[in-house]
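Student: Sequence below, structure please.
(3 chains)
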Amino acid sequence: MTPLDLPAINARLRACHPLVQNITNTVVQQFSANVLLAIGAAPAMFDHPADAAQFARIADALLVNFGTATNGQLLAADAAIAAAAGAGKPWVLDPVSFGAGDFRTQRIRQVLARRPTVVRGNASEIMALAGTGAGARGVDATDAVEAALPAAVTLARQTGGVVAVSGATDLVVAILHGQVRVARIAGGSALMALVVGTGCALGSAVAAYLGAIEADRDAVGEARFDATVAAHAHFALAGSLAAERARSPGSFAVAFLDALYETKPADFSRAKIALETRDQP
Amino acid sequence: MTPLDLPAINARLRACHPLVQNITNTVVQQFSANVLLAIGAAPAMFDHPADAAQFARIADALLVNFGTATNGQLLAADAAIAAAAGAGKPWVLDPVSFGAGDFRTQRIRQVLARRPTVVRGNASEIMALAGTGAGARGVDATDAVEAALPAAVTLARQTGGVVAVSGATDLVVAILHGQVRVARIAGGSALMALVVGTGCALGSAVAAYLGAIEADRDAVGEARFDATVAAHAHFALAGSLAAERARSPGSFAVAFLDALYETKPADFSRAKIALETRDQP
Amino acid sequence: MTPLDLPAINARLRACHPLVQNITNTVVQQFSANVLLAIGAAPAMFDHPADAAQFARIADALLVNFGTATNGQLLAADAAIAAAAGAGKPWVLDPVSFGAGDFRTQRIRQVLARRPTVVRGNASEIMALAGTGAGARGVDATDAVEAALPAAVTLARQTGGVVAVSGATDLVVAILHGQVRVARIAGGSALMALVVGTGCALGSAVAAYLGAIEADRDAVGEARFDATVAAHAHFALAGSLAAERARSPGSFAVAFLDALYETKPADFSRAKIALETRDQP
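Tutor: Numbers count the residues shown, from 1 in each chain, chains lettered A, B, ... in the order given. Just a heads-up that it's a prediction; the model follows:
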């Protein structure tokens, strides 16, 4: 198991300024764009079906989130995913709202079948997506993260990609070389759950980290796992720093954007990450 | 006339964490979601016609605001209102943009005819909705709150529900036991008018307070009146506190979210509320 | 060449509280509305094709930005532009996303042909719009402002209006009395590029300043040039002030809104503006 070199991964992100296309909900578009700018990436939010595919070929990575999906966005996502996948670009599915209504549940299931590079959600969403658990109630997680580990493994096997579960301690899971690799990322702050978009913007940040790596064919799985862990570590570090500066959600949101910006490669050595490899169940 | 027990109403909101479905304009979605999180509610913004009704049956309350309505949102609102009303769930109409164009004026009038639990707007909107006054000019109020009292009484009689008028001093009006009950809520800050979404998010907060009560059949009118007053008191208290901390609108918006979060049940004893009962005109 | 009286122009804006209709992207709607409120204007964001034209006749100025345009917004913009132009109201085109996809590039070109009062973009967008340069990569500028001067002159000749290029030093260009007038506005902060919407909201601010002037027929060209410079000076002054108060993008965005609000007419005497008149190429 290659050790994670998070400072190097963050330095790479800052150097290459990846362009991330976000087809995402209108509630979090501003926050997600500011998060991407704060970490050194470039946001774009073009979500019209007429040119989403064209832009997906220009962008370095794609994020899809159907929280307030319109028919236009659904068509745009279809086209953009096909274009990104066809060009070998990484793309992230945030299954927010899975289980909240049959229409979007079905659409998210269709997107999952296209094997996203990374699926990132909260425990309730990941469990519901894997066919266990009760599903989301809005955007809040009602299930504990650790309980979602089997569901995350199931999904990772199904997609062949990475699955990330956000919560008090985040989980990142992938099947690599026939074994289950798990990272647990501690840190952050309970106030993150009181700022709308911290979860959704993490999906955008994962896409940015994925867009910053150019792994060789043999190590692409590891590199994507590591990039996903790095995005989560970035949020955990910034959340902890922001919680030292603010105690209420309005000022915490401001402090969190500041902290994302101020978190430099060397700071990643303080990330609280536990790595584990286990046999497949 | 039962005295208002605002601390108890706020304690109930914090305890039951109501889920509020918001079919609202894209300008304020982020702010409204953050306001709901700050006061202890759970926001959802699903506004696709294919599943808005399904979600309205899950949510505890619904808020409808056509500020940037698309055809999709208009259809979603129709379906969600029918579902909420059918399930006996409370729902709030914010008539923002009434009078700004024939198309949306007509649509808001149709929604009004479905008898919302609460109508919440500024004086210009409430007067125009009742057929008096000049109508809205964008989202700013050009009429004084007190001048809107007769219009509010007219609308309250028409809908059988509560009507709230926001301004320097807010008015909440309902017809209860054949008499007009009026609450006047003082406090807040003039800076609230310089932060987009404070009015629209108040509509969401009213929905949250409504979603938190489970009144028995005999007292449902009183309980909904009281819940609406409590939401306005929460905003007035937070606005006053934020104005002690910030003097310009950028930092005021941050301080206001902090203050909403920090305002606990006991603080409601400081709310400046005047109650009055008068005979119907 | 009439000297610029920026304090008087800002005083006029504050006195007449212009109403600005924004058909703009959902990423920046909240920020743009807050910027308009902070400078003393009134925002409206009605973008439904059924009443956009009706509202454009009520509003004092119009801003069009296709960053996340839907078919509905595209139709609304067509109708609103025709109504504004027909009523002699000023309107601003922000060509954000020009070059990012054929579909929106073509639509922006069509809007340009309707001769906007002001075109405001970054160097890459202005160069691409004039048929030089590589086009936008998302919303970030990859070309230097000064390199866009010839393109700005070309566009100003084409539209008969004002063309503004945003960057470290902003350029405002118009053809007046057969000569090229150029203003260079220094100030601001590099952090503005890390807050999404500072560029887009500047387009809205330009519309507000245009909406505040009522120039006589002979001097309308000068007045619109001056109003555009004033909007840029307002942003440059506020950006400089905010940079004294904040060093990271989250707190900078808050400080910037505060600073826009706090910048009063007298402060405009500190604006760093260089005016130049040159013969047409």
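Student: The helix or strand hosting residue A:10 - contacts with which helices or strands?
Tutor: Residue A:10 is part of helix A:6-16, with elements assigned from DSSP states H and E. Secondary-structure packing of helix A:6-16 (3 or more C-beta pairs under 8 Å, 6 or more residues apart in numbering or on different chains; DSSP states H and E): helix A:198-212, helix A:220-245. C-betas here are computed from N, CA, C, even on glycine.
Student: buried ones in the longest one?
Tutor: Meaning helix A:220-245. Of the residues in helix A:220-245, A:221-243 count as buried by neighbour count, 16 or more other C-beta atoms under 10 Å in any protein chain shown.
Student: what is the orientation angle of it with helix A:6-16?
Tutor: Counting by axes from the mean of the first three to the mean of the last three C-alpha atoms, to 10 degrees, helix A:220-245 lies at 90 degrees to helix A:6-16.
Student: What is the following helix or strand past helix A:220-245 packed up against?
Tutor: Per DSSP H and E, the first helix or strand lying C-terminal to helix A:220-245 is helix A:249-262. Contacts defined by 3+ C-beta pairs under 8 Å, 6+ apart place helix A:249-262 against helix A:29-39, helix A:220-245, helix B:29-39, helix B:249-262, helix C:249-262.
Student: Could you check how far the spatially most central residue of chain A is from chain B?
Tutor: The centroid of chain A falls nearest to residue A:203 when counting by C-alpha atoms, centre = their mean (2.8 Å). From residue A:203 across to chain B, the span is 16 Å (C-beta to the nearest C-beta, to the nearest Å).
Student: so how far is residue A:35 from that residue?
Tutor: 10 Å (C-beta to C-beta, to the nearest Å).
Student: do residue A:94 as well
Tutor: 13 Å.
Student: So which of those two has more stuff around it?
Tutor: residue A:94 (33 against 30; other C-beta atoms under 10 Å in any protein chain shown).
Student: which residues does that one contact?
Tutor: Going by C-beta atoms under 8 Å, 6 or more residues apart in numbering or on different chains, residue A:94 touches A:24, A:63-65, A:67, A:119-121, A:199-200, A:203.
Student: ok, now residue A:27?
Tutor: With C-beta under 8 Å, 6+ apart, residue A:27 has these contacts: A:67-68, A:196-197, A:200, B:29-30, B:33, B:43, B:45.
Student: and chain C, which of those contact it?
Tutor: Filtering those for neighbours of chain C using C-beta under 8 Å from any C-beta of the partner chain leaves residue B:30.
Student: where exactly do the strands run in the stretch 51-200 of chain A?
Tutor: Counting by DSSP state E, counting those that start in this stretch, the stretch 51-200 of chain A has strands at residues A:61-65, A:91-94, A:118-122, A:162-166, A:170-176, A:179-186.
Student: which stretch among the helices and strands packed on helix A:6-16 comes nearest residue B:78?
Tutor: Among the helices and strands packed on helix A:6-16, the nearest to residue B:78 by C-beta to C-beta is helix A:198-212 (27.5 Å).
Student: got the contact list for the residue in the stretch 101-250 of chain A that chain C sits nearest to?
Tutor: Proximity of the stretch 101-250 of chain A to chain C (C-beta to the nearest C-beta) peaks at residue A:242, 8.8 Å away. Contacts for residue A:242 were tallied using C-beta under 8 Å, 6+ apart; they are A:189, A:191, A:252, A:255-256, A:258-259.
Student: How about residue A:64?
Tutor: For residue A:64, the contact set (C-beta under 8 Å, 6+ apart) comprises A:23-24, A:77, A:80-81, A:91-94, A:111, A:116.
Student: how about 10 Å then?
Tutor: Shown in contact with residue A:64 (C-beta atoms under 10 Å, 6 or more residues apart in numbering or on different chains): A:21-24, A:47, A:73-74, A:76-78, A:80-81, A:84, A:91-95, A:108, A:111, A:114, A:116, A:203, A:207.
Student: Mind checking which of the residues you listed land in helices?
Tutor: A:73-74, A:76-78, A:80-81, A:84, A:108, A:111, A:203, A:207 (DSSP state H).
Student: Take these and write them to TSV, including pLDDT.
Tutor: Below are these laid out as TSV (pLDDT from 0 to 100):
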residue	pLDDT
A:73	97
A:74	97
A:76	97
A:77	98
A:78	97
A:80	98
A:81	98
A:84	97
A:108	97
A:111	97
A:203	98
A:207	98
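Student: on that earlier part again, and the contacts of the helix holding residue A:10?
Tutor: With C-beta under 10 Å, 6+ apart, helix A:6-16 has contacts from A:5, A:18, A:39-41, A:60, A:205, A:208-214, A:223, A:226-227, A:229-231, A:233-234, A:237, A:263-271, A:273.
Student: one more time with 8 Å, if that's ok
Tutor: A:39-41, A:60, A:208-209, A:211-213, A:226-227, A:229-230, A:233-234, A:263-266, A:268-269, A:271, A:273.
Student: Would you mind writing the PyMOL command to select the buried ones in those?
Tutor: The buried residues among the contacts of helix A:6-16 can be selected in PyMOL (16+ other C-beta under 10 Å) with this line:
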select buried, chain A and resi 39+40+41+60+208+209+211+212+213+226+227+229+230+233+234+263+265+268+271+273
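Student: ok, and of the contacts of helix A:6-16, which contact chain C?
Tutor: Okay, of the contacts of helix A:6-16, nothing touches chain C (C-beta under 8 Å from any C-beta).
Student: just to revisit the earlier point, the helices and strands packed on helix A:249-262: which one's closest to residue C:54?
Tutor: Between residue C:54 and the helices and strands packed on helix A:249-262, the shortest separation by C-beta to C-beta is 24.6 Å, and it involves helix B:29-39.
Student: about what we covered before: mind checking how far the residue of the stretch 101-250 of chain A closest to chain C is from residue C:178?
Tutor: In terms of C-beta to C-beta, residue A:242 sits 56 Å off from residue C:178.
Student: can you list the helices and strands packed on helix A:6-16 in TSV and add distance to residue C:14?
Tutor: As requested, those are exported to TSV (distance: least, C-beta to C-beta, whole Å):
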stretch	distance to residue C:14
helix A:198-212	36
helix A:220-245	34
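Student: what about the ones you listed, which gets the closest to residue C:156?
Tutor: In terms of C-beta to C-beta, the element of the helices and strands packed on helix A:6-16 nearest to residue C:156 is helix A:198-212, at 37.2 Å.
Student: Which elements pack onto the closest one?
Tutor: helix A:6-16, strand A:19-23, helix A:29-39, strand A:61-65, strand A:91-94, strand A:118-122, strand A:162-166, helix A:220-245.
Student: Around chain C, pick out the residues from chain A.
Tutor: For chain A, the residues in contact with chain C (C-beta under 8 Å from any C-beta) are A:19, A:26, A:29-30, A:33-34, A:37-38, A:42-48, A:50-52, A:54-55, A:58, A:70, A:72, A:253-259, A:261-262.
Student: Count the residues that sit near the residue in the stretch 51-200 of chain A that chain B sits nearest to.
Tutor: Proximity of the stretch 51-200 of chain A to chain B (C-beta to the nearest C-beta) peaks at residue A:101, 2.9 Å away. Residues lying near residue A:101 (other C-beta under 10 Å) number 22.
Student: So which of the ones in helices among the contacts of residue A:64 wins on neighbours?
Tutor: Neighbour counts for those (other C-beta under 10 Å) peak at residue A:207, which has 36 neighbours.
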